[in-house]
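**Q** mind folding the following:
(one chain, ligands or ions: 1)
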Amino acid sequence: MSTNSEQRGGFTSYFGAVAAAVGSAVGLGNIWRFPYIAGEYGGGAFIMLYLIFVFGLGVPIMIGEFVIGRRSGRNAMGAFRVLSPKHKGWLGIGILAVITCVIIYSFYSVVAGWTIEYTWLSCTNGLAGKEASEISEAFTSFIQHPYLPILFQGLLVFLTGAVVIGGVQKGIEKFTKIVMPVLFFIMLLLCVRSLTLPGSKEGMSFLFKPEFGNLTATGVLAAMGQAIFSLSIGAGLLITYGSYVRKEDNMMSSCFFIASADTTIALLAGIAIFPAVFTFGLSPASGPSLVFETLPNVFNNMPMGQFFAILFFVLLALAAITTTISLLEVIVLWVVEELHLKRTSATIITSLVIFALGALCSLSLGTLKDFTILGYTFFDACDKLTATYLMPIGALAVTVYLGWFYKKEDVLDEVSNHGTLKTWYIKLFYFVLRYIAPIVLTVILITGSLGIAG
Ligand code: PHE
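**A** Got it, this is the predicted structure:
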C-alpha cells in the first residue's frame with residue numbers, strides 16, 4: 001500500500017477535518033444551486049422534502065462514509081482495499097467517486113469562475129443603477145461570451161491547483177474558520193434587506209408554503225439529489241476526510257453539525273433571493289442564472305450596496321474555492337496513491353483535464369448551445385448527471401456495503417468509539433443505513449428516472 005500521511009497532504013487535526021468537511025459542503029451548492037433547483041421545482045414542498053432528505057437520509061450516510069474513512073485510514077478507493085481485501089468489486093465505489101468528482105469539478109469551476117467575474121464587476125460598480133432586465137441581459141451576454149468566462153474558469157482552476165500542490169493542511173482550515181462565519185453574517189444582512197422589500201411576503205410563501213400537489217416524481221429525485229450534492233455525499237469525499245477523524249471523536253455529532261451548518265446557509269440563500277425575485281418581477285424558475293440576476297438588484301437597493309456586493313462575491317468565490325480544493329484533492333489523492341504519480345504532476349495533469357472539460361461546459365451555454373445530450377446542454381448534463389444519478393448511486397453503494405456486506409458489529413464498534421458512546425441514535429443510524437436508505441434511494445432513482453423519461 002502506497003498510502004502515507006505526507007502524500008495525502010491531509011489535515012493535522014480533527015478540527016481541520018471537520019472544518020474541511022464544512023468547507024466542502026458549503027459552497028455554490030447552497031447559494032447558487034439550492035435556490036435555483038428549489039425555484040424550478042416549485043418552492044415550499046420541495047424544501048420540506050429537502051430537509052427530510054438531509055437529516056433523515058443524508059446524515060446517516062455521511063456518518064457511514066466517515067465510518068469507512070476512519071476505520072480504514074485510506075482514500076476513497078484504498079479504503080475498500082483495506083476493509084475488504086478479498087472483494088475487489090467494492091473498489092468500484094472509489095472509481096465511481098473519482099469520476100463523479102471530475103465531472104462536478106468541471107461544471108462547478110465554470111460557476112466559480114462567474115463569481116470571480118462578479119467580484120470584479122462589483123469592484124468596478126458595473127451593475128449599479130441598472131434595471132432588473134438590464135442586469136439579466138448583462139449576465140446572459142457574459143456567460144455566452146466565447147472566451148471571457150473560460151478565462152475566469154481557468155483562473156479558478158489555477159488557484160485551486162496552487163493550493164492543492166502545496167498540500168491542503170493549513171489552507172482549508174484557515175479559510176473555513178474565517179470565511180464561513182463572515183459569509184453567514186453577510187447572508188443574514190442580505191436576508192434582512194430582502195425581507196423588507198415589497199415582494200417579501202410572496203417570496204416567503206413561495207419558499208415555505210408547501211403545495212405538495214405540484215411535486216412530481218422528478219421533483220422528489222431532484223430534492224434527494226440536491227441534499228446529497230449539498231452534503232458532498234457519495235463522491236468519496238467524506239471517506240477521504242473521515243480518514244483524518246481521531247479515534248476518540250464523536251462522528252455522529254460532527255455530521256449533525258456539518259449538515260446543520262450547510263442547511264442553514266442554503267435556507268438563508270433562499271430567504272435572500274426569493275423575496276427579491278418577486279419584487280423585481282423575475283422568474284423563480286430561471287435556472288442557473290437565478291442568483292446572479294437577483295442579488296445585484298438587492299445590492300442596488302441597499303445602503304453601502306457596493307461594499308456588500310464586493311464582500312459577498314469575494315466570500316462566495318472563497319466558499320467555492322474551499323469546495324473545489326476538496327474536489328481536486330479527492331482526484332489528486334487517487335492519482336497519487338493508485339497511479340503512483342507525484343503530487344505535483346498529478347495536480348497539473350488533473351487541472352489541465354478539468355480546464356478542458358470546464359471550457360466545454362462553458363461553451364455549451366453559448367457557442368455550442370445546439371450540441372445537446374438527451375436534450376441537455378453539456379453544462380446541464382454534467383450538473384444533472386452527477387447530482388441526480390452518480391452521487392445517489394455512490395451513496396446507495398455505501399449503504400449496501402455497510403448495511404449488508406460489512407460486519408454489523410464492526411460498523412457499530414466504529415460509530416460508538418468501541419462502545420464508549422452510548423446513544424439511542426446508533427440503532428436508528430444502523431436501521432436507516434441497512435433498510436431505509438437503500439430502499440428509498442432505489443425507489444426514487446427508478447421512479448424519478450421514469451418521470452424524466454416520460
Ligand atoms: N457540496 C458542495 C456544494 O454544495 C458540492 C460538492 C459535491 C463538493 C460533491 C464535493 C463533492 O457546493
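**Q** hey, let's count contacts and neighbours off CA atoms from now on
**A** Will do.
**Q** low-confidence bits of the stretch 101-250 of the chain, can you list those?
**A** Scanning the stretch 101-250 of the chain for pLDDT under 70 picks out the ranges 168-172, 175.
**Q** for it, what lies in contact range of the ligand?
**A** By the rule CA under 6 Å from any ligand atom, the part of the stretch 101-250 of the chain lying against the ligand is 229-232, 235, 237.
**Q** most neighbours of all the residues you listed, which one?
**A** residue 235 (34 neighbours; other CA atoms under 10 Å).
**Q** pretty sure it sits in a strand.
**A** No. Residue 235 is assigned coil when assessed by DSSP: H, G, I helix; E, B strand; the rest coil, not a strand.
**Q** host element of the spatially closest residue to it that is not a sequence neighbour?
**A** Spatial nearest neighbour of residue 235, excluding adjacent residues (CA to CA, 6 or more residues apart in numbering): residue 97 at 4.3 Å. Element membership for residue 97 (DSSP states H and E) is helix 91-123.
**Q** for residue 126, same thing?
**A** Going by DSSP H and E, residue 126 is not in any helix or strand.
**Q** residues contacting the residue lying closest to residue 72 once chain neighbours are set aside?
**A** Distance criterion CA to CA, 6+ apart; nearest residue to residue 72, sequence neighbours excluded, is residue 79 at 5.2 Å. If you count contacts by CA atoms under 8 Å, 6 or more residues apart in numbering, residue 79 has them with 68-69, 72-73, 239.
**Q** tell me the most packed of those, by neighbour count.
**A** residue 239 (30 neighbours).
**Q** skip the chain neighbours and tell me the closest residue to that residue.
**A** That would be residue 69: by CA to CA, 6+ apart, it lies 4.1 Å from residue 239.
**Q** please look at that neighbour and residue 241 and confirm they touch.
**A** Yes. The pair residue 69 and residue 241 passes the contact test of CA atoms under 8 Å, sitting 6.9 Å apart.
**Q** quick one, helices of the stretch 201-350 of the chain?
**A** Secondary structure of the stretch 201-350 of the chain (DSSP state H, counting those that start in this stretch): helices at 217-230, 237-242, 251-279, 290-300, 305-338, 343-363.
**Q** list the buried ones in the third one?
**A** For helix 251-279, a neighbour-count test (16 or more other CA atoms under 10 Å) marks 251-252, 254-256, 258-263, 265-279 as buried.
**Q** quick one, the helix holding residue 97 and helix 217-230 angle?
**A** Between helix 91-123 and helix 217-230, the angle comes out at 80 degrees (axes from the mean of the first three to the mean of the last three CA atoms, to 10 degrees).
**Q** and the pLDDT for the residue lying closest to residue 60 once chain neighbours are set aside?
**A** Using CA to CA, 6+ apart and skipping residues adjacent in sequence, the residue nearest residue 60 is residue 429, 5.5 Å away. Per-residue pLDDT puts residue 429 at 97.
**Q** for residue 429, pull up the helix or strand it's in.
**A** Counting by DSSP H and E, residue 429 is part of helix 425-431.
**Q** that helix - contacts with which helices or strands?
**A** Using 3 or more CA pairs under 8 Å, 6 or more residues apart in numbering; DSSP states H and E as the contact test, the elements touching helix 425-431 are helix 408-415.
**Q** what helices and strands are in contact with the helix it packs on?
**A** Against helix 408-415 (3+ CA pairs under 8 Å, 6+ apart) you get helix 59-72, helix 425-431.
**Q** about what we covered before: ok, the residue nearest to residue 239 to residue 63 distance?
**A** Distance, residue 69 to residue 63, using CA to CA, to the nearest Å: 10 Å.
**Q** repeat for residue 274
**A** In terms of CA to CA, residue 274 sits 32 Å off from residue 63.
**Q** now stretch 409-420: buried residues?
**A** Buried, per 16+ other CA under 10 Å, within stretch 409-420: 411-417.
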